[in-house]
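Participant: have a look at this prediction, sequence included:
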Amino acid sequence: MAFEVTSDVEGAEEFKQAMQRFDSGMQRHLHRQLASWAADVKALAKQFAPVRTGHLRSSIYAKIQEWVAEIGAEATYALFVELGTRYMQVQPYLYPAIQEQLPRLEQIILEALDAAKTEANL
């Protein structure tokens, strides 16, 4: 989030500082909660994943970079299991795990906004 505020407006510098506190507070709160959310989605996806050899289940990962949670599987055939092929039935494991945890993600974002506003005195 970027704001450009000129200093000739009364209170502009205080507002600029408050917005910087808000941005850093938002990132800190959201990153911590997003990491927890992604770990829960990963665990659920592992529960939903079909097991033949265990390779697919062991290749499921969750990464957090700034504001982005990436959840996937590194097994070369992971996409075929998730979406199916004309020879293989659909066996989704990632999509259902994400769908089940989406309401919690919305709650996490709203709580992070509130916490950052409080921390920035907004």
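Facilitator: It's in.
Participant: just to confirm, which helix or strand has the spatially most central residue of the chain in it?
Facilitator: Centroid check for the chain by Cα atoms, centre = their mean gives residue 69 as the closest residue, at 3.6 Å. Applying DSSP states H and E as the criterion places residue 69 in strand 68-73.
Participant: report the mean confidence score over that strand.
Facilitator: Within the predicted structure, the mean pLDDT of strand 68-73 is 93.
Participant: mind checking how far the following helix or strand past that strand is from the chain centre?
Facilitator: The helix or strand immediately downstream of strand 68-73 is helix 78-83, counting by DSSP H and E. Here the centre of helix 78-83 is set off from its chain's centre by 21 Å, with Cα atoms, centre = their mean, to the nearest Å.
Participant: same question, stretch 91-104
Facilitator: 13 Å.
Participant: before we move on, back to that, go ahead and confirm the residue nearest to the centre of the chain touches residue 38.
Facilitator: Yes: under the criterion of Cβ atoms under 8 Å, residue 69 makes contact with residue 38 at 4.3 Å. All C-beta atoms are positioned from the backbone trio N, CA, C, and that covers glycine.
Participant: between the two, what contacts are shared?
Facilitator: 62-63 (Cβ atoms under 8 Å, 6 or more residues apart in numbering).
Participant: where does pLDDT dip in this structure?
Facilitator: Counting by pLDDT under 70, the chain contains low-confidence ranges at 1-12, 14-26, 120, 122.
Participant: in it, which spans are strands?
Facilitator: 60-65, 68-73 (DSSP state E).
Participant: would you mind putting those strands into a markdown table with distance to residue 114 alongside?
Facilitator: As requested, these are exported to a markdown table (distance: least, Cβ to Cβ, whole Å):
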| stretch | distance to residue 114 |
| --- | --- |
| strand 60-65 | 21 |
| strand 68-73 | 20 |
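Participant: quick one on the thing from earlier: indicate each strand paired with the strand holding residue 69 and its parallel or antiparallel sense.
Facilitator: strand 60-65 (antiparallel) (DSSP bridges).
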